[in-house]
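Asks: Using only what follows, build the 3D model:
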Amino acid sequence: MKCDGLCRADATTQRHGRAGLTLPAGPRTVRRERSPPLRFDEASRVLAETTFRFPDYLVFAAYMASLVVVGFCYRKTAQKNLESYFLAERKMSGWLTGFSYAATCMNTDAITAYCGMTVISGICICWWYISRFGLALMIGGILFAVFWRRLRIFTSPEFYEFRFAGAPALTIRSWISIRSAFIAVVAWTGSGLLGIHKVLNPVLGWEKWQTYAVVVPVLLLYVLLSGYVGVIVTDFIQTWVMIAAAFTLMGMVWSDFGGPSGLYESLVHQFGTGVVSWHPPSSHEYLGIIGILAWTVGTAVGYGGDVAPMAGAMEGQRLLSCKNAREATKMYVWTEVVLFFLLAVTTLPALGAMVRWPGLTDGRINKELAYGMLLSHYLPAGLLGLAVSGLAASIMSTVSSNLNFGAQVILNDVYRRSIVRHASMGHYMNVGRAVMFVIMGLALLVATVAQNVIDVSVFMLGLSSAEITANWGQWWWWRFNGKARLAASFGGPAIFLLNKYVVFRYVFSAESDVGYAIVLSSIAMTFVLWVLVALFTKPDPEEKLIAFYKQARPLGWWAPIAAKTGVPPRGSRPILQGLGIAILGAVMVAAGTIAFSKAYVGCWADLSLFAAVFAATGLAFKLTYGRFMRSLGVDDGDAAAA
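Replies: Numbering: from 1, shown residues only. Sure thing, here's the model as predicted:
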């Protein structure tokens with residue numbers, strides 16, 4: 001769940017130059033001659049003049065010190081045993097893990113990219129994250145969280161030996177662990193370290209080695225000492241640091257334009273009513289109706305069936321640490337609410353940047369400089385330190401989560417499973433710490449030598465997208481076997497590479513961007529592949545399927561196995577009901593996000609409308625969510641068993 005398609009969007013806009021500005025058309029357009037835009041060299045000068053003063057150093061030092069204090073406060077709790085160190089004894093609440101995962105999903109690349117998208121789209125930027133996360137997170141919470149938590153596994157890759165049998169199960173478990181820790185985690189950690197340098201270099205003048213010499217020891221100290229519980233607590237602190245910094249900037253922009261109504265008038269006067277429209281434009285490469293639908297469906301299909309995805313590998317750790325199944329479902333809901341709030345308060349001040357620096361919208365200034373220019377222009381000493389701390393918090397939450405999760409899966413699913421199966425707890429904890437050092441070392445290497453780590457991550461996201469339908473298949477169809485999982489996990493990426501570098505380059509060549517076609521065709525071809533493999537190979541041993549069904553009680557097509565367990569099959573009807581509730585929840589959060597956005601620019605009629613939609617869908621979601629959880633048996637022993 002990082003800044004994946006954003007980099008491609010930026011590249012496309014830079015290619016189009018002035019045409020990159022595509023604002024939704026309003027019913028009436030009022031324009032005036034724009035003031036001379038700030039040239040790129042002037043923008044660079046503004047950013048270069050952004051320097052820390054003594055109050056800023058105090059604020060930043062206090063933030064860093066608070067992380068170290070957390071590490072020492074929770075070190076005894078964390079080091080009781082492996083479950084304490086990596087899962088906080090499974091005592092976490094859904095709201096706290098939701099805050100943590102939302103903070104983990106934020107990083108500096110996302111902040112700069114989202115603000116850059118805002119200055120060329122306006123208020124409808126909210127559809128960018130609504131389409132990417134809105135339905136997907138709700139599906140994960142409603143249809144899968146309960147069943148993951150019931151298994152009481154220690155790591156998400158452990159699922160594969162619980163669900164499948166023999167060599168395919170061990171192969172998939174090991175591959176998912178190695179892929180998560182040494183590809184996804186290293187790439188995102190390296191990207192995060194580069195992001196911290198991007199924040200600190202302009203204001204402190206630090207070289208990379210100086211940034212890493214300060215930040216890396218603090219990160220390692222509190223993660224090594226306090227383990228997962230330290231990560232959760234610091235994520236909570238860092239979320240509020242981000243919110244405080246964002247609200248400060250929002251208020252300063254309001255003050256400059258004379259409040260929400262003044263900001264609205266300035267936007268409409270310069271760009272027309274389309275810039276404050278709540279709905280996406282009819283045609284836009286990434287924010288058009290087709291793009292929104294493609295993102296919504298593309299991110300939702302398969303979501304929840306795998307909680308160690310390349311885009312957010314530590315998701316499963318948050319889920320499995322919850323104290324019961326109901327709290328696990330709440331984790332996803334809280335994640336979406338907090339994440340959307342963070343994204344909204346971060347992007348809305350960029351509306352002021354559109355008016356103050358028109359060059360951001362027409363390509364004469366790199367639009368991803370918008371956030372830095374806002375900080376430089378509006379924040380005085382002390383508050384600048386708070387804002388920089390907020391940016392650092394967004395990255396450090398991601399890096400610390402990556403370190404803890406990467407060590408957990410390598411220790412449990414590779415080292416303890418296949419190398420040293422019987423050793424003391426102290427031995428395993430030391431190995432886990434050593435893995436953290438290895439991950440950090442690799443991430444530092446990548447951050448030092450790579451020009452753009454996010455491009456590597458984007459490629460890996462595309463590579464892993466082909467197999468997403470298998471994530472639902474492994475939960476909902478008893479006939480889905482280990483060989484089908486192997487076909488999806490290894491055949492899917494091969495199909496993606498074939499389509500990307502051969503089929504759509506030499507067979508179906510096209511001048512326009514064919515990214516959607518490559519991904520969707522790869523998903524469809526991989527789906528056909530694993531279905532055929534499942535049908536033409538033997539199912540997994542019956543005793544394995546019976547044990548899994550008794551423990552997880554999954555939804556879907558399990559009638560032949562259910563008949564031998566005495567547990568009635570649930571069939572497909574609950575899946576459809578759950579999808580309906582997930583859509584309701586997504587509409588609820590989307591309406592709340594749009595209402596908040598409209599409030600910022602003083603569109604009171606639209607605010608009232610979407611606030612009413614938010615209230616109505618919120619009430620309906622609360623009622624249907626509770627009824628659906630009871631139908632899954634969450635209140636009939638899950639809490640006690642967990």
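Asks: give me the low-pLDDT residue ranges for the stretch 351-500 of the chain?
Replies: Along the stretch 351-500 of the chain, the parts satisfying pLDDT under 70 run over 450-462.
Asks: just the helices in it please.
Replies: If DSSP state H, counting those that start in this stretch is used as the criterion, the helices of the stretch 351-500 of the chain fall at 359-362, 370-378, 383-410, 425-449, 453-465, 468-476, 482-486, 492-498.
Asks: The second one relative to helix 383-410, how many degrees between them?
Replies: To tie it back to what came earlier, the one meant is helix 370-378. Interaxial angle, helix 370-378 versus helix 383-410 (axes from the mean of the first three to the mean of the last three CA atoms, to 10 degrees): 150 degrees.
Asks: just checking, what packs against helix 370-378?
Replies: With contacts taken as 3 or more CB pairs under 8 Å, 6 or more residues apart in numbering; DSSP states H and E, helix 370-378 sits against helix 40-48, helix 108-118, helix 208-257, helix 350-356, helix 383-410. C-beta coordinates here come from the backbone N, C-alpha and C atoms, glycine included.
Asks: Reformat the ones you listed into TSV and put mean neighbour count and distance to Leu339 next to each item.
Replies: Converted to TSV, these look like this (neighbours: other CB atoms under 10 Å; distance: least, CB to CB, whole Å):
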stretch	mean neighbour count	distance to Leu339
helix 40-48	14	28
helix 108-118	25	10
helix 208-257	20	10
helix 350-356	25	18
helix 383-410	27	11
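Asks: most packed of the helices of the stretch 351-500 of the chain?
Replies: helix 383-410 (a mean of 27; mean count of other CB atoms under 10 Å).
Asks: I'd like the helices and strands packed on helix 370-378 laid out as CSV, including distance to Ala167.
Replies: Shown next, in CSV, are these (distance: least, CB to CB, whole Å):
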stretch, distance to Ala167
helix 40-48, 55
helix 108-118, 39
helix 208-257, 31
helix 350-356, 52
helix 383-410, 20
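Asks: For Ser277, find the nearest of these.
Replies: Evaluated over those, closeness to Ser277 peaks at helix 350-356, with 12.6 Å, by CB to CB.
Asks: Mind listing residues that contact that closest one?
Replies: Residues from elsewhere that reach helix 350-356 (CB atoms under 8 Å, 6 or more residues apart in numbering): 115-116, 118-119, 122-123, 253, 256-257, 263, 266-267, 270-271, 275, 360-361, 370-371, 373-374, 377, 600-601.
Asks: thinking again about what came up before, switch the helices of the stretch 351-500 of the chain over to CSV; also include distance to Thr296.
Replies: Listed next are the helices of the stretch 351-500 of the chain as CSV, based on distance: least, CB to CB, whole Å:
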stretch, distance to Thr296
helix 359-362, 26
helix 370-378, 26
helix 383-410, 24
helix 425-449, 32
helix 453-465, 15
helix 468-476, 14
helix 482-486, 26
helix 492-498, 21
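Asks: who wins for proximity to Phe614 among those helices?
Replies: Among the helices of the stretch 351-500 of the chain, helix 383-410 comes nearest to Phe614, with 26.0 Å by CB to CB.
Asks: Distance from the chain centre to that closest one, please.
Replies: Its chain's C-alpha centre and that of helix 383-410 lie 13 Å apart, by CA atoms, centre = their mean, to the nearest Å.
Asks: quick revisit: so which of the helices and strands packed on helix 370-378 comes closest to Ile575?
Replies: Here helix 383-410 is closest among those (CB to CB), at 28.5 Å.
Asks: Chain neighbours aside, what residue packs nearest to Leu67?
Replies: Closest residue in space to Leu67, ignoring its immediate chain neighbours: Tyr222 at 4.9 Å, by CB to CB, 6 or more residues apart in numbering.
Asks: I misspoke; the intended subject was Ile139.
Replies: With sequence-adjacent residues excluded and distances taken as CB to CB, 6+ apart, Ile139 is closest to Ala582, at 4.7 Å.
Asks: cool, Leu221 as well?
Replies: Distances taken as CB to CB, 6+ apart place Gly71 nearest to Leu221, at 5.4 Å, with adjacent residues excluded.
Asks: Burial check on Ala61, number of neighbours?
Replies: When neighbours are counted by other CB atoms under 10 Å, Ala61 registers 12.
Asks: about what we covered before: tell me the contacts of the residue nearest to Ile139?
Replies: 135, 138-139, 141-143.
Asks: repeat that for 7 Å
Replies: Neighbour list for Ala582: 135, 138-139, 142-143 [criterion: CB atoms under 7 Å, 6 or more residues apart in numbering].
Asks: now the residue lying closest to Arg75 once chain neighbours are set aside: how far from Phe496?
Replies: Closest residue to Arg75 apart from its sequence neighbours, by CB to CB, 6+ apart: Leu225 at 4.3 Å. For Leu225, the distance to Phe496 equals 41 Å [CB to CB, to the nearest Å].
Asks: Same question for Ala88.
Replies: 37 Å.
Asks: Trp127 too?
Replies: Separation of Trp127 from Phe496 (CB to CB) stands at 27 Å.
Asks: One more: Ala181?
Replies: 22 Å.
Asks: what do you get for Val446?
Replies: From Val446 across to Phe496, the span is 22 Å (CB to CB).
Asks: how far does stretch 379-395 sit from the chain's center?
Replies: Distance, stretch centre to chain centre, for stretch 379-395: 22 Å (CA atoms, centre = their mean).
Asks: Same check on stretch 160-172?
Replies: Mean-position distance between stretch 160-172 and its chain equals 27 Å (CA atoms, centre = their mean).
Asks: how long is that stretch end to end?
Replies: For stretch 160-172, the first-to-last residue distance is 7 Å (CA to CA, to the nearest Å).
Asks: In that stretch, which residues are buried?
Replies: Neighbour-count burial for stretch 160-172, counted by 16 or more other CB atoms under 10 Å, picks out 160-165, 168-172.
Asks: Need the max-distance pair from those.
Replies: Spatial extent of those (CB to CB) is set by the pair Phe162 and Thr171 at 14.7 Å.
Asks: which SS class is Arg152?
Replies: Following DSSP: H, G, I helix; E, B strand; the rest coil, Arg152 is assigned to coil.
Asks: That one and Trp478, how far apart?
Replies: Taking CB to CB, one finds Arg152 at 21 Å from Trp478.
Asks: Mind listing residues that contact stretch 206-218?
Replies: Identification of contacts with stretch 206-218 by CB under 7 Å, 6+ apart yields 64, 67-68, 193, 196-197, 200, 440, 444, 448.
Asks: could you give me the average pLDDT of that stretch?
Replies: For stretch 206-218, mean pLDDT is 86.
Asks: what are the ranges of the helices in the stretch 501-642 of the chain?
Replies: Ranges of helices within the stretch 501-642 of the chain are 515-536, 542-552, 559-562, 573-600, 604-631, 639-641, based on DSSP H, counting those that start in this stretch.
Asks: Show me the one of the ones you listed that comes nearest Phe54.
Replies: Across these, closest to Phe54 is helix 573-600 (CB to CB), at 32.5 Å.
Asks: Give me the buried positions along that closest one.
Replies: Residues 574-575, 577-579, 581-600 are the ones in helix 573-600 that count as buried (16+ other CB under 10 Å).
Asks: Leu609: how many residues sit nearby?
Replies: Residues near Leu609, counting by other CB under 10 Å: 16.
Asks: isn't Thr77 right up against Val229?
Replies: Yes: with contact defined as CB atoms under 7 Å, Thr77 counts as touching Val229 (5.9 Å).
Asks: show me what contacts the residue nearest to Leu221?
Replies: 221-222, 225-226, 230.
Asks: got it, and Ser465?
Replies: By CB under 7 Å, 6+ apart, Ser465 lies in contact with 519, 522-523.
Asks: So which of these wins on neighbours?
Replies: Ser522 (26 neighbours).
Asks: mind checking how far Ile523 is from Ser180?
Replies: 21 Å.
Asks: Now do Ile575 against Phe147, distance only.
Replies: Ile575 is 12 Å from Phe147, by CB to CB.
Asks: try Val519
Replies: Val519 sits 27 Å away from Phe147, going by CB to CB.
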